[in-house]
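S.K.: sequence plus predicted model, see below.
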Amino acid sequence: MAIAKMNKLAVIGLSRDQNAIIEALMRLGVVQINAQESKLCDEEWNRLVQKDDAAKWISKWDSELDRIESALELLDRFLDRKKPLIRERARISEREFDATLEYEYEIRRQMLKLTRLARHYNHLIFRENRAVTARQALLPWKSYDVPSQEYRTRSTQVWQGVIPGSNDAADFLKILAEKTGYADGEVIHSDSEQHYISVVFYEPAADEVQAVLRDLSFNRISLPIESGSVEEAIRDLDAQLEEYRTEKKSVAEQVRSFESFEPTLKMYHDEIAMRKDRAAIREKILLTDSTFYLEGWYPKIAGEKVEALLREHACYYEITQPKKGEETPILLLNKSIVQPFEAITKLYSLPAANGIDATPFFSFFYALFFGMMLSDAAYGIILTAGTFLIRKKYRLEGMLKQMVDMFFLCGISTTFWGIMFGSFFGDIITQVSTHFFGHAVHFPTVWFSPINDPMRLLFFSLFLGLIHIFLGMGLSARMAIRDGQPLDALFDTGFWYILILSLIGYLGGGMVEGIPAAVTVVCKWLAVASALGIVATGGRQKKGILGKIVGGLGSLYGVTGYLSDILSYSRILALGLATGVISSVFNTLGTLAGTGIMGVLVMLLAFGIGHPYNIAINALGSFVHSCRLQYVEFFGRFYQGGGDSFQPFCENTKYVTILKEEL
Amino acid sequence: MNGITFDGIFFAMAGAAIAGLACCGSAMGIGIAGQAASGVVSEDPKKFGQALLLQALPGTQGIYGLLIAFVIMNKIGLLGGSGALDLTMVQGLYIMASAVPVGLVGIVSGSAQGKAAAAAIMLISKRPEEVAKGMVYTAMVETYAVLALLISFLMLNSIQL
């Protein structure tokens, strides 16, 4: 029941109805259409059909989506808005959606205006960057007054360049003058890295001068000037930069005027995305000259609607049950109370088609373990109230919704265990009342306090672990019986039940007084008998007598696995202690500064920093370790994962949810 | 002679200090995970949240150490207003011994968990949807810190002063 039953659907229709049918299937959104590669390889099919080719359309809609996204990105950049914590999809009625898209031509015109603006804006940024770089290169040369048209005259050349700042500029000039009589240098500017030097020389002696310059590690640079002096060029660049800035402002202004267009554009985006999906699905459809063929899965519960749709479009269709052992896509269907815990199952892996959905079985334990690990009434109330407010404020969807709902339930469990164990922000009430008011007031402890009596909680945790593991083994037995192997269920689960229980009775019975000796004796012989049973049956798959014996003994050795699995539940105690003790550490720190104003301030500080930290780190720990207890100890006993999720062909939109009017 | 220089309180405090050493493990572990996290976030800043969750996991060893240190100090009366109890040297040594599991295991499991967390952060750089599996692998290491914490706590709890 927890994994939805799937039926297989094969449809043949007339090509002229194909688009209408695809559109209708998308609106219905419950059929997963399968790829048909295997049919194309089949000789018989291959003669009759060919694959529908939609590559042209897919790329057309893809490039349109790119344009829309760049327009939306531009809007996002210039519209001053607070980014919402959680993105929601707007809800729009189908009629409104269709009415908006009536004006598709106009929407497209506006969108193209935006993309032009985006291009223009990027171009401005590019030119601005270029101008800034040029300006930076010119800045050291600001006082250099030789206009660029005079860098080369009939018999002289003027070079600009740099030498490393570690060289002495005066030396450079001196050596230049000594080595050649045809050149003269001038230092224009010096900074910590370089000296900026202009050299004028007699053209016919260029080779000689250049050799000297090379020896002096003179590095020629060309100034980015077209005409005039450096100062003029800088002034020009400044003017340009100013122009770009105003231009950018005006672009921003123009973009902002599109604000009211944004919702429409988002609808257009989703419309195009759906068209692309409809084009892409054609790749999975086979064609003859005048008919098409498609195949897919749908959940059995949606059968009536699917059939009605197909009848309406006058298709020929055939519905078959999946064959035994056939891989079907997995859709989890659970009652609303355990549905949030599907998130935990999905985080692990969806069950295989012939497995079972563990969600309804572990949900209770997940919340129970989480609550016992966090075990503080105040933290539980914060968690419950926080997730409740998030649910009120936002309309969540999918996995996120399940997680928030799950923490809501875990918060309730945490509150419950906090009250049972008498913890409210640790021992804040006791500490504050003793410290500031002089007489101790305690938060009521309904059951017992784990800090004072850890052994009791340890045994309780192990006891819960035992039940949890037994449940997992029971599920494994159930699967074996379902598959017609009741003996497997007896050998692999029944014997172990008896062995573990009788071992506990034998070992535990001796320690507790008042248990008649007969019980221990019975337990002892039961344990021996079941152990023999395990040895006898554990190796039944193996070949040969020796193999069977070794396999049986190996299987009995599995008792260590059960032992360590059950001991693993001691983490419930450890994490519970961690929460409790850490909060009392912070509360104690808060009382260290006396009872005056300072004392109150320190208390508030320790409270304000300590408890949020403690909630965060311990809620994370409780989440992870509750998961681990499910995944390793529980799932390990029976779970078969690896199913593929059911992905119906539906309106997969990003910005809007289209509400169907019920017919 | 030993009653003066090395009294019970000295050994008990040494025990609290040993428990505190578990923080070394967490520091190493969080450091290792943090390096991997920075690398992954440099490629994709959106993974910051997930990487931070994984980086926080090796932090618990330090918390367990603090927990035992606090319980020791509480037990010997250092934190109450009434002053330290009068311990015999043997009692002090008992307390010191009880702190060894959490302190020693904390160092090793903290850094080992850090390595597992770093690998899990690498995992989310390629498959962010699999963060839960990375968390579970990382939490496997922590089991032994949890067991050490329990051993220390139960030993400490059974010492009568």
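M.R.: That came through fine.
S.K.: quick one: stretch A:79-96 to chain centroid distance?
M.R.: Mean C-alpha position of stretch A:79-96 versus that of the full chain (C-alpha atoms, centre = their mean, to the nearest Å) differs by 20 Å.
S.K.: residues in contact with it: which ones?
M.R.: A:255-256, A:259, A:262-263, A:266-267, A:390, A:394-397, A:400, A:653-661 (C-beta atoms under 8 Å, 6 or more residues apart in numbering or on different chains). Glycine gets a C-beta too; all of them are placed from N, C-alpha and C.
S.K.: list buried residues within those residues.
M.R.: Neighbour counting by 16 or more other C-beta atoms under 10 Å in any protein chain shown classes A:255, A:262, A:266-267, A:390, A:394, A:396, A:653, A:655-658 among these as buried.
S.K.: now flag whichever of the residues you listed is closest to A:Y348.
M.R.: Lowest distance from A:Y348 to the buried ones among the contacts of stretch A:79-96 (C-beta to C-beta) belongs to A:L396, with 21.5 Å.
S.K.: give me the three-state assignment for the closest one.
M.R.: Secondary structure, DSSP: H, G, I helix; E, B strand; the rest coil: A:L396 is coil.
S.K.: re earlier: tell me the one of the buried ones among the contacts of stretch A:79-96 nearest B:I30?
M.R.: A:I390 (28.7 Å).
S.K.: for chain A, give me its nearest residue in chain B.
M.R.: Nearest residue of chain B to chain A (C-beta to the nearest C-beta) works out as B:A132 at 3.5 Å.
S.K.: show me the domain layout of chain A.
M.R.: Per automatic domain parsing, the domain ranges recorded for chain A read A:146-228, A:339-638.
S.K.: A:A137 against A:L223, yeah?
M.R.: Yes. With contact defined as C-beta atoms under 8 Å, A:A137 counts as touching A:L223 (7.1 Å).
S.K.: any regions of chain B where pLDDT drops low?
M.R.: B:1-5, B:80-82 (pLDDT under 70).
S.K.: and the next element down the chain from the lengthiest helix in chain B?
M.R.: Counting residues, the longest helix found in chain B (DSSP state H) is helix B:89-126. Per DSSP states H and E, the first helix or strand lying C-terminal to helix B:89-126 is helix B:131-158.
S.K.: buried set for that following helix?
M.R.: For helix B:131-158, by 16+ other C-beta under 10 Å, it's B:131-139, B:141-150, B:152-156.
S.K.: please apply the same query to stretch A:190-201.
M.R.: Buried residues in stretch A:190-201, counted by 16+ other C-beta under 10 Å: A:194-201.
S.K.: now the phi/psi pair for whatever residue of the stretch 251-400 of chain A ends up closest to chain B, please.
M.R.: Using C-beta to the nearest C-beta, the single residue of the stretch 251-400 of chain A nearest to chain B is A:L347, 3.5 Å away. Phi and psi for A:L347, reported as degrees, to the nearest 10, are phi -60, psi -30.
S.K.: one more: A:S449?
M.R.: phi -100, psi 120.
S.K.: for burial, what's the neighbour tally of it?
M.R.: Applying other C-beta atoms under 10 Å in any protein chain shown, we find 17 residues neighbouring A:S449.
S.K.: wait, doesn't it sit right on A:G418?
M.R.: No. Counting by C-beta under 8 Å, A:S449 stays clear of A:G418, with 11.4 Å between them.
S.K.: so what's the backbone phi/psi at A:G643?
M.R.: Note on A:G643: backbone dihedrals following degrees, to the nearest 10 are phi -70, psi 150.
S.K.: cool, and A:L659?
M.R.: Dihedral pair for A:L659: phi -90, psi 130, per degrees, to the nearest 10.
S.K.: bridging residues for it?
M.R.: Per DSSP bridges, the residues bridged to A:L659 are A:S93.
S.K.: now it: how far from A:A90?
M.R.: 10 Å (C-beta to C-beta, to the nearest Å).
S.K.: against which helices or strands is the helix or strand containing A:E231 packed?
M.R.: Secondary structure from DSSP H and E places A:E231 in helix A:230-256. The contact analysis (3 or more C-beta pairs under 8 Å, 6 or more residues apart in numbering or on different chains; DSSP states H and E) places helix A:230-256 against helix A:55-78, helix A:104-138.
S.K.: out of those, which gets nearest to A:A358?
M.R.: Nearest to A:A358, of the helices and strands packed on helix A:230-256 and by C-beta to C-beta, is helix A:55-78 at 38.9 Å.
S.K.: name the helices or strands packed onto the closest one?
M.R.: For helix A:55-78, the elements it packs on are helix A:104-138, helix A:230-256, helix A:262-281, judged by 3+ C-beta pairs under 8 Å, 6+ apart.
S.K.: save those helices as TSV, and put in mean pLDDT too.
M.R.: Formatted as TSV, these follow (pLDDT from 0 to 100):
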stretch	mean pLDDT
helix A:104-138	92
helix A:230-256	91
helix A:262-281	92
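S.K.: what helix or strand is the residue positioned nearest the centre of chain B on?
M.R.: Against the mean C-alpha coordinate of chain B, by C-alpha atoms, centre = their mean, the closest residue is B:Q61 at 2.2 Å. Per DSSP H and E: B:Q61 is located in helix B:60-75.
S.K.: quick one, phi/psi of residue 8?
M.R.: You didn't say which chain, so I picked chain A. phi -100, psi 140.
S.K.: tally up the residues packed near A:I500, please.
M.R.: Neighbours of A:I500 (other C-beta under 10 Å): 20.
S.K.: what of A:K82?
M.R.: The burial count for A:K82: 5, using other C-beta under 10 Å.
S.K.: that one: what secondary structure?
M.R.: The three-state label given to A:K82 by three-state DSSP is coil.
S.K.: need the pLDDT of it.
M.R.: At A:K82, the model reports a pLDDT of 79.
S.K.: cool, the one 10 residues further on as well?
M.R.: A:I92 is assigned 88 on the pLDDT scale.
S.K.: determine the number of other residues adjacent to it.
M.R.: A:I92 has 20 nearby residues by other C-beta under 10 Å.
S.K.: repeat that for A:E73.
M.R.: A:E73, neighbours per other C-beta under 10 Å, totals 11.
S.K.: which residue comes closest to it once chain neighbours are left out?
M.R.: Once flanking residues are discounted, A:E73 sits nearest to A:A118: 7.5 Å by C-beta to C-beta, 6 or more residues apart in numbering or on different chains.
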